[in-house]
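Q: I'd like to go over a predicted model; first the sequence, then the structure.
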Amino acid sequence: QVQLVESGGGLVQPGESLTLSCTASRRFADRTAMGWYRQTPGNRREYLAMISSGGTTYYPDSRRGRFTISMGNAPNTVTLHMSDLKPEDTAVYLCAFQENYMTTSERFHWGQGTQVTVST
């Protein structure tokens with residue numbers, strides 16, 4: 001089992017930026033990726049961004065521009081920088097560790113999530 005610790009959530013005003021961080025208990029190595037998702041009550045988990053251990057980034061077309069995933073400075077850490085935040089970005093943001101990503105044996109491990117609230 002992989003343990004994931006997310007941090008950086010909080011209350012921000014519309015238009016502000018926020019950077020989330022996620023650290024995994026397992027080495028971020030070959031055939032692994034880490035990603036960010038978000039979820040609001042009653043809705044499906046929404047994919048935001050993913051980065052492979054080699055540094056390749058992936059985004060759904062709807063998220064290009066305002067959300068940027070990067071390797072963190074600490075080992076086994078990734079960050080999600082979010083800019084120009086809007087009230088509709090309010091959600092629990094979850095980090096995922098993906099073993100054997102993009103294969104038929106892909107397996108996800110999830111963090112507990114960090115709350116982001118965008119409000120005046």
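A: Thanks, I have the structure now. Residues are numbered from 1 along each chain as shown.

Q: which residues touch the residue nearest the centre of the chain?
A: Residue closest to the average C-alpha location in the chain (Cα atoms, centre = their mean): Trp36, at 2.1 Å. Residues near Trp36 by Cβ atoms under 8 Å, 6 or more residues apart in numbering: 20, 22, 48-50, 67, 69, 78, 80, 93-96. For every residue, glycine as well, the C-beta is placed using N, CA and C.

Q: against Ile69, how distant is it?
A: 6 Å (Cβ to Cβ, to the nearest Å).

Q: low-confidence stretches in this structure?
A: Low-confidence regions of the chain, defined by pLDDT under 70, span residues 62-64.

Q: strands along that one, start to end?
A: 4-7, 10-12, 18-24, 32-39, 46-52, 57-58, 67-71, 77-82, 91-99, 107-110, 114-118 (DSSP state E).

Q: dihedrals phi and psi, Arg44?
A: phi -70, psi 160 (degrees, to the nearest 10).

Q: roughly how far apart are it and Gly10?
A: Taking Cβ to Cβ, one finds Arg44 at 24 Å from Gly10.

Q: quick one, which of those two is more surrounded?
A: Counting neighbours by other Cβ atoms under 10 Å for Arg44 and for Gly10 shows that Gly10 has the greater number, 11 against 8.

Q: the more buried one contacts Leu18, correct?
A: Yes - counting by Cβ atoms under 8 Å, Gly10 does reach Leu18; the two are 7.1 Å apart.
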